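S.K.: no sequence for this one, just the structure:
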């Protein structure tokens, strides 16, 4: 069973950048697809981005496409979310999640089994 720990959140001005990290332990990391999700106060949790087992396939929510980039380093058991051109509406707690995938298929937007505790991202206007 994999354990996930997010880091890299913080306070940034609109237009700025942050890079989130999701460090995994306790499992064969290369067998997992990984997604990033976020939840703002009073709102439902929403999908942000996901990456396949090898990193060859990615998916993004329309709201972040062109601004965020998801990537992974399986040698370091880590997935990254590079966030550029941040907007106040990006403010949320960001979570990474993982699920076992038998093949290097397109990552999903739901159905993840393992979740981290989250990291706060606050974008000031």
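M.R.: Perfect, I can see it now. Small disclaimer: the values here were computed from a predicted structure and weren't measured. Residues are numbered from 1 along each chain as shown.
S.K.: can you pull the buried residues of stretch 51-63?
M.R.: The neighbour-count criterion (16 or more other Cβ atoms under 10 Å) identifies 51, 52, 53, 55, 59, 60, 61 as the buried residues of stretch 51-63. The C-beta positions use only the backbone N, C-alpha and C, and glycine is treated the same way.
S.K.: pLDDT score for the second one?
M.R.: Right, residue 52. On pLDDT, residue 52 comes in at 97.
S.K.: contacting residues around it?
M.R.: The neighbourhood of residue 52, defined by Cβ atoms under 8 Å, 6 or more residues apart in numbering, consists of 33, 58, 101, 104, 105, 106, 107.
S.K.: Next, count neighbours for the third one.
M.R.: A count of neighbours around residue 101, defined by other Cβ atoms under 10 Å, yields 16.
S.K.: Which pLDDT value does the model give it?
M.R.: Predicted confidence (pLDDT) for residue 101: 90.
S.K.: Now do the contacts for it.
M.R.: With contacts defined as Cβ under 8 Å, 6+ apart, residue 101 is in contact with 31, 32, 33, 52, 53, 107.
S.K.: and the residues you listed as TSV, adding secondary structure and distance to residue 11?
M.R.: As requested, the contacts of residue 101 are exported to TSV (DSSP: H, G, I helix; E, B strand; the rest coil; distance: Cβ to Cβ, whole Å):
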residue	secondary structure	distance to residue 11
31	helix	35
32	strand	30
33	strand	30
52	coil	32
53	coil	33
107	coil	29
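S.K.: from the residues you listed, which is closest to residue 24?
M.R.: Lowest distance from residue 24 to the contacts of residue 101 (Cβ to Cβ) belongs to residue 32, with 7.3 Å.
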